[in-house]
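Peer 1: Attaching a predicted model along with its sequence, questions to come.
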Protein chains: 2
Amino acid sequence: MAKTSDGRGNKDKPVERSTNGRQKLMEAALELAATTRSLASLGLREVARHAGLNPNTFYRHFKDFDDLGVAMLDELGTELRAGLREARMRPAKKGFRLSDFSNPAEGLAQAQALARESVGLVLDFVMDHREAYTVGIRELHGTSAVMRQAMQGLLDGIATDMTEDLLGVLMLPAVSHEELTAVARVIVRQMVFFSMDYLEQPSRHAEIKREAERFILLLFWGAIAARAPDLLSQANLKFPKV
Amino acid sequence: MAKTSDGRGNKDKPVERSTNGRQKLMEAALELAATTRSLASLGLREVARHAGLNPNTFYRHFKDFDDLGVAMLDELGTELRAGLREARMRPAKKGFRLSDFSNPAEGLAQAQALARESVGLVLDFVMDHREAYTVGIRELHGTSAVMRQAMQGLLDGIATDMTEDLLGVLMLPAVSHEELTAVARVIVRQMVFFSMDYLEQPSRHAEIKREAERFILLLFWGAIAARAPDLLSQANLKFPKV
DNA sequence: TCATCGGGTATACAATCGTCTACCTGCACA
DNA sequence: TGTGCAGGTAGACGATTGTATACCCGATGA
């Protein structure tokens, strides 16, 4: 996990001790980047100063700012991903299980509930980690190719998780695996924007949630209609109000 | 248009002369920002040097980097917007006109053609202005609140244009104006990502075009199915291959 | 017990930065 | 005719930057 460049004695002891300065630097960088500027354009001295450390201590732990960025993304990214998966499993444990669409009306109703829960989940997470989110998204289109790629990888990873979880819970009729993956990617990326709106416009929270939810449902509805248009009209299903 | 702060003699003469240095600075900033770093973190001297001018000349034209950024976005943004509108009008002149969905099959086929044309249009534009696009998107999530707001305004403006143009050409059944606006917003934002993919992965150009096109169609299909599910099944329409 | 080494510090240096003040030049207008 | 001003230049200022070299300490393992 860590790349502790032990010149000697690389036994199988991870040697996790004294991650004090390293952690301090990462936290300082996060705070500074969130309020001041992009990660890549942070000053080495600036970060060290804000962490209460000597400028040169930076070199002990990181060689680049890319290096620090990737480390941060590693830490927070896995946390986010784990949190999302775990939370997505929660409703399943509450007996929230919709196998096939043998009862389409009920199936879609529960799909809507699932969408609502997921949207709330993501937006809550973003609110709880707004600094990390702000900085991360900045790097998504930033100048560092390394960070850009890492962030895109994280988003795609989330989309993959989402696809797999969905497949275990929701058997969409006639929607193939690749199709579902594409839809998940699109949703994850769109949530980037919705999250931004959510952070920047606290007064519109409810409205933004509705918009996001509606967007997701529209996509799934389209996917179903594209593959099994009969399903919708036969059951005389109405698109939910949202 | 320009804010030539004439202390005296503000007759109705715009006085457009000698925009030489100003233009040079903007071009230099664009080039530097595209290759080096974010706009906001550019050096004043750096830009001036790259423009072959004295550092102090910067102050003659701009007071901030935000100031310069907004000026650039003004110039390129209106160009993009005009280009898109004009190009979207082109098919309409070719007799490409689908009023209502009295013939749903034909209507949707032409909607697909319209989607394809629009996607190609945007992606071509991005390829032709990759520097400006790269820098602009960087600022969309950047540190400068001024630039962020300006970029979001541009995107929303494009979405509005798109909605109006669509309303003149394509009467989607039972899809309200606000609904169409929401869909347009979502499409425009998603195109940001597709454009990024397009720039970064030249080998997947055709594939990305297909994905974008498919995404748009899926949305419209969903919107139609949500409001008029009968339309799709009655006419026994198949979702296009894409 | 003692050498090794990771983590942290101190100092120094050249480069670059933003900005201030001053000076130059050629139009425009009265 | 000549005055004012926008546009551009020159030089200097203190501050801050990244980095190189050298020193320090406490734990660890032989």
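Peer 2: Thanks, I have it.
Peer 1: C-alpha only now, for contacts and for neighbours.
Peer 2: Fine.
Peer 1: for A:His141, phi and psi?
Peer 2: For A:His141, the backbone dihedrals are phi -120, psi 20 (criterion: degrees, to the nearest 10).
Peer 1: give me the number of residues near the spatially closest residue to it that is not a sequence neighbour?
Peer 2: Take A:His141 and drop its neighbours on the chain: the residue closest to it by Cα to Cα, 6 or more residues apart in numbering or on different chains is B:Arg138, 5.3 Å away. Neighbouring residues of B:Arg138 were enumerated by other Cα atoms under 10 Å in any protein chain shown; the total is 26.
Peer 1: Mind telling me what element B:Arg138 is part of?
Peer 2: Mapping B:Arg138 onto the secondary structure by DSSP states H and E places it in helix B:130-140.
Peer 1: quick check: mean pLDDT across that helix?
Peer 2: For helix B:130-140, the mean pLDDT works out to 90.
Peer 1: residues of that helix that come out buried?
Peer 2: Residues B:130-140 are the ones in helix B:130-140 that count as buried (16 or more other Cα atoms under 10 Å in any protein chain shown).
Peer 1: Same question for stretch A:145-162.
Peer 2: Under the neighbour-count rule (16+ other Cα under 10 Å), stretch A:145-162 has A:147-148, A:150-152, A:154-162 buried.
Peer 1: a markdown table for those residues, including distance to A:Leu76?
Peer 2: Conversion of those to a markdown table gives the following (distance: Cα to Cα, whole Å):
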| residue | distance to A:Leu76 |
| --- | --- |
| A:Met147 | 14 |
| A:Arg148 | 15 |
| A:Ala150 | 12 |
| A:Met151 | 11 |
| A:Gln152 | 14 |
| A:Leu154 | 10 |
| A:Leu155 | 13 |
| A:Asp156 | 15 |
| A:Gly157 | 14 |
| A:Ile158 | 13 |
| A:Ala159 | 17 |
| A:Thr160 | 18 |
| A:Asp161 | 16 |
| A:Met162 | 18 |
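Peer 1: will you turn the residues you listed into JSON lines that also has secondary structure and pLDDT?
Peer 2: Converted to JSON lines, the buried residues of stretch A:145-162 look like this (DSSP: H, G, I helix; E, B strand; the rest coil; pLDDT from 0 to 100):
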{"residue": "A:Met147", "secondary structure": "helix", "pLDDT": "90"}
{"residue": "A:Arg148", "secondary structure": "helix", "pLDDT": "91"}
{"residue": "A:Ala150", "secondary structure": "helix", "pLDDT": "93"}
{"residue": "A:Met151", "secondary structure": "helix", "pLDDT": "94"}
{"residue": "A:Gln152", "secondary structure": "helix", "pLDDT": "94"}
{"residue": "A:Leu154", "secondary structure": "helix", "pLDDT": "95"}
{"residue": "A:Leu155", "secondary structure": "helix", "pLDDT": "95"}
{"residue": "A:Asp156", "secondary structure": "helix", "pLDDT": "93"}
{"residue": "A:Gly157", "secondary structure": "helix", "pLDDT": "94"}
{"residue": "A:Ile158", "secondary structure": "helix", "pLDDT": "93"}
{"residue": "A:Ala159", "secondary structure": "helix", "pLDDT": "93"}
{"residue": "A:Thr160", "secondary structure": "helix", "pLDDT": "92"}
{"residue": "A:Asp161", "secondary structure": "helix", "pLDDT": "90"}
{"residue": "A:Met162", "secondary structure": "helix", "pLDDT": "87"}
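Peer 1: wait, is A:Ala40 part of a helix?
Peer 2: No - following the definition DSSP: H, G, I helix; E, B strand; the rest coil, A:Ala40 is coil and is not counted among the residues of a helix.
Peer 1: I figured it was touching A:Phe65, is that so?
Peer 2: Yes - with contacts defined as Cα atoms under 8 Å, A:Ala40 counts as touching A:Phe65 at a distance of 6.0 Å.
Peer 1: ok, now which ones touch the residue nearest to A:Ala29 when sequence neighbours are not counted?
Peer 2: What sits nearest to A:Ala29 in space, not counting adjacent residues and going by Cα to Cα, 6+ apart, is A:Val47, at 5.6 Å. In this structure, A:Val47 makes contact with A:25, A:28-29, A:32, judged by Cα atoms under 8 Å, 6 or more residues apart in numbering or on different chains.
Peer 1: rewinding a little: verify the stated contact: the residue nearest to A:His141 with B:Ser41.
Peer 2: No - taking contacts as Cα under 8 Å, B:Arg138 lies outside contact range of B:Ser41: 11.8 Å.
Peer 1: low-scoring stretches of chain A, by residue?
Peer 2: Low-confidence regions of chain A, defined here as pLDDT under 70, cover residues A:1-19, A:37, A:91-107, A:170-174, A:228-242.
Peer 1: Report all helices and strands that the top helix by length along chain A contacts.
Peer 2: Among all segments of chain A classified by DSSP state H, the helix with the greatest residue count is helix A:65-93. In terms of contact count using 3 or more Cα pairs under 8 Å, 6 or more residues apart in numbering or on different chains; DSSP states H and E, helix A:65-93 is assigned the packing partners helix A:104-128, helix A:145-169.
Peer 1: Now do the domain split for chain A, please.
Peer 2: Following automatic domain parsing, one finds the domains of chain A at A:20-61, A:65-234.
Peer 1: With distance to B:Thr181 as extra columns, can I get these in a markdown table?
Peer 2: Written out in a markdown table, the entries for the domains of chain A read as follows (distance: least, Cα to Cα, whole Å):
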| stretch | distance to B:Thr181 |
| --- | --- |
| domain A:20-61 | 32 |
| domain A:65-234 | 12 |
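Peer 1: can you tell me how far A:Thr78 sits from DNA strand C?
Peer 2: Distance of A:Thr78 to DNA strand C, given as Cα to the nearest atom of the strand, to the nearest Å: 22 Å.
Peer 1: can you count the residues close to that residue?
Peer 2: A:Thr78, neighbours per other Cα under 10 Å, totals 14.
Peer 1: what sits against A:Thr78?
Peer 2: Under the criterion of Cα under 8 Å, 6+ apart, A:Thr78 has no neighbours.
Peer 1: Near DNA strand D, which residues of chain A are found?
Peer 2: Among all residues of chain A, those adjacent to DNA strand D (criterion: Cα under 7 Å from any atom of the strand) are A:42-46, A:55-56.
Peer 1: same thing but at 6 Å, please
Peer 2: With the criterion set to Cα under 6 Å from any atom of the strand, chain A comes near DNA strand D through A:43-46, A:55-56.
Peer 1: No more questions from me, cheers.
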